[in-house]
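S.K.: Structure for this input, please:
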Amino acid sequence: MEKTDARKLTPEAQQQLRHQAIRLRKRGFTHQQLAEIIGAHHTRICRWCRAYETSGPKAVVIQKRGRKPGSGRRLSAEQEKQLRQMIRDKTPDQLKLAFALWTRLA
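M.R.: Here you go, the predicted model:
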């Protein structure tokens, strides 16, 4: 049986896999059996079941991943706008910079 990468599934499909694992666990299946049925690693299934047992259904709800948009920025929106305009309108020579072309490093 070929395993599917669950990261490529929609969040709804991932959520269904979690609920299926919990339902089957309640019926008496082992974590290893669930891993073979669902296609997830047995330690992941163990974590889902443990979280469900300790905190209930809200513990296995899929959360949005990654940083929040705009977090970790060092420039304000106005400064970003000015910088984009300078890069678009001027060359490094005009700004008296040491390099000749705009590159990612520059």
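
S.K.: Leu75: what secondary structure?
M.R.: With DSSP: H, G, I helix; E, B strand; the rest coil as the basis, the three-state label of Leu75 is coil.

S.K.: Verify the stated contact: it with Leu83.
M.R.: Yes - between Leu75 and Leu83 there is a contact at 6.9 Å, judged by CB atoms under 8 Å. Yep, even glycine has a C-beta here, placed from its N, CA and C like the rest.

S.K.: what pLDDT does the closest residue to Pro11 other than its chain neighbours get?
M.R.: Counting by CB to CB, 6 or more residues apart in numbering, Pro11 lies nearest to Ile62, which is 4.8 Å off, once chain neighbours are set aside. Here the pLDDT value assigned to Ile62 is 86.

S.K.: Provide the count of other residues in contact range of Ile62.
M.R.: 12 (other CB atoms under 10 Å).

S.K.: Same check on Arg44?
M.R.: By the criterion of other CB under 10 Å, Arg44 has 17 neighbours.
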